[in-house]
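Asks: fold the stuff below for me.
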Amino acid sequence: MLHRSFCARVRLLACVAALAIVAGCAQNYLEWEDPDPHPLLIGPYVILTGRDGAIVGFRVLTSPDAEVAWKTADGKTGRVRARLNAGIYAATLEGLPRGPVIEYDVILDGKPVTSGKFRVGTAPGETRIRFATFGDTRNGHAVHREIVTALAREEIDFILNTGDYVQNGGRVSEWTTFFQIERPLLAKVPIIPTTGNHDLSGRGYYERFFFVSQVSKGRRYFATDWGNLRLIALDNGIECNRACAQFEYVRRVLADGAAQGKLMVMFLHHAPYSSGEHGSNVGVARAIGELAQRYGVELVIAGHDHHYERTKPIDGTTYIVSGSAGAPIRPVEPSDFTASARTEPHYVLIDVDGERITTRAINLRGEVFDTGVIEQNPARVYKPR
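Replies: From the prediction side, this is the model:
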């Protein structure tokens, strides 16, 4: 009886502690206040939908008539009605020119209320690309905003986010906080997302905010090109190998990219190789390793572990973990495959120049603490590890 009573007390204390942690996380979200008054509750932000298309998304508390008008410096213009679905407005822009900056206005009840800009790709002959990657923002709002502020000063083409945008993907208030923090950055560049384990819920907020049905026919994996760079977003479950549709889809888009001589970057949440708390995901590493070898993938970017890490080339492919953009940082002990590792909030700038990729990890003081150079990776015969 005493033993059962003691165990019951321990379980009760554990539950109380867990509830306190959850309450603390929720309170952290409630404490966020957007420092810049804005006519929109969320947005505007841009999601790419293909070679010459994009969606401008935003949310307001009322239900006005909404439009988006766009223009380029050489006189191209367009105006599109924004459709309201499940509380989120989406203006689908099509036939956009690749190369020039596209400036746009969000118009509510006939009045422009805010503006933004973006590009959908490179101009013919343009070989230089710069983008940034980070992930695991969750409820670290101060760090998240510092990273956003730093990146808003950079000249970049787009953002790759490795997931875990929020602490609890079933709370719309947390998604509101995420997009408000990101507003200075997402008003300038598109976001290319992948999903983390904290982002998913039965409410489907990730799918709604990132327009998954329009972008990728309801799949949380897809591919998009930016000049000579092919980007492949992966969903959880790639480790099922040939037994799942995702593996076959990724195989096809990689084979097509290799045939065109493209540089290729895969990105996802769970890290194939990591020296952090979660460690390497063996199933993911096996599936991605096979695809990367067969088709010559240059770079794989992940999050999930809350540190920075860059591997030595593994069968020609470099792997990066970037998961310290707000979530609690964790220690990392380098492994045999590690080229560089550090526990510190950061983001990574990635420059593509012709057939070479250069990566730079940057902390909140603006210091570059790691640099990597990645050359084009030829396809090779797959040799299981």
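
Asks: who touches the helix or strand harbouring residue 231?
Replies: Secondary structure assignment for residue 231, by DSSP states H and E: strand 229-233. Residues outside strand 229-233 that contact it (Cβ atoms under 8 Å, 6 or more residues apart in numbering): 129, 160, 192-194, 220-225, 250, 253-254, 257, 262-268, 352. From N, CA and C alone the C-beta is placed, and that goes for glycine too.

Asks: select only the buried ones of those in ChimeraX?
Replies: With 16 or more other Cβ atoms under 10 Å as the criterion, this ChimeraX line picks the buried residues out of the contacts of strand 229-233:
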select :129,160,192,193,194,220,221,222,223,224,225,250,253,254,257,262,263,264,265,266,267,268,352
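
Asks: narrow the contacts of strand 229-233 to those in helices?
Replies: 250, 253-254, 257 (DSSP state H).

Asks: for the residues you listed, which one is nearest residue 39?
Replies: residue 253 (39.0 Å; Cβ to Cβ).

Asks: name the residues linked to the spatially most central residue of the chain by a beta bridge.
Replies: Centroid-nearest residue in the chain, with Cα atoms, centre = their mean: residue 161, separated by 1.5 Å. Residue 161 has these beta-bridge partners by DSSP bridges: residue 134, residue 193.

Asks: give the contact list for it.
Replies: 133-135, 191-194.

Asks: and for residue 120?
Replies: 48, 51-54, 96-98, 102, 190.

Asks: narrow those residues to those in strands?
Replies: Among these, DSSP state E puts 48, 53-54, 102 in strands.

Asks: residue 139 contacts residue 326, doesn't it?
Replies: Yes: with contact defined as Cβ atoms under 8 Å, residue 139 counts as touching residue 326 (6.9 Å).

Asks: out of the two, which sits in the busier spot?
Replies: residue 326 (27 against 24; other Cβ atoms under 10 Å).

Asks: ok so that one is a strand residue?
Replies: No: counting by DSSP: H, G, I helix; E, B strand; the rest coil, residue 326 falls outside a strand, being coil.

Asks: Throw the ones in strands among the contacts of residue 120 into a markdown table and include pLDDT and neighbour count, thanks.
Replies: Conversion of these to a markdown table gives the following (pLDDT from 0 to 100; neighbours: other Cβ atoms under 10 Å):
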| residue | pLDDT | neighbour count |
| --- | --- | --- |
| 48 | 97 | 24 |
| 53 | 97 | 16 |
| 54 | 98 | 24 |
| 102 | 98 | 23 |
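
Asks: tell me which of these is nearest to residue 378?
Replies: residue 48 (28.3 Å).

Asks: any idea how far the closest one is from residue 192?
Replies: 7 Å (Cβ to Cβ, to the nearest Å).

Asks: tell me, what's touching these two both at once?
Replies: 158, 224.

Asks: packing partners for the helix or strand encompassing residue 117?
Replies: Per DSSP H and E, residue 117 falls inside strand 111-118. For strand 111-118, the packing partners by 3 or more Cβ pairs under 8 Å, 6 or more residues apart in numbering; DSSP states H and E come out as strand 42-50, strand 102-108.

Asks: give me the residues contacting the shortest one.
Replies: Among residues not part of strand 102-108, those counted as contacts by Cβ under 8 Å, 6+ apart are 39-40, 43-44, 54, 56, 58, 60, 64-72, 82, 93, 96, 112-120.

Asks: burial measure for residue 234, as a count.
Replies: 27.

Asks: residue 222 is in contact with that one, correct?
Replies: No: between residue 234 and residue 222 there is no contact under Cβ under 8 Å: 9.3 Å.

Asks: alpha carbons of stretch 177-184, as CSV, please.
Replies: Extracted C-alpha coordinates of stretch 177-184, given in CSV (Å, rounded to 0.1, in the frame of the first residue of the first chain):
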residue,chain,number,x,y,z
THR,A,177,2.8,35.0,-33.1
PHE,A,178,5.2,33.2,-35.5
PHE,A,179,4.0,35.2,-38.5
GLN,A,180,4.0,38.5,-36.6
ILE,A,181,7.6,38.0,-35.6
GLU,A,182,8.5,37.1,-39.2
ARG,A,183,6.7,40.0,-40.8
PRO,A,184,9.8,42.3,-41.4
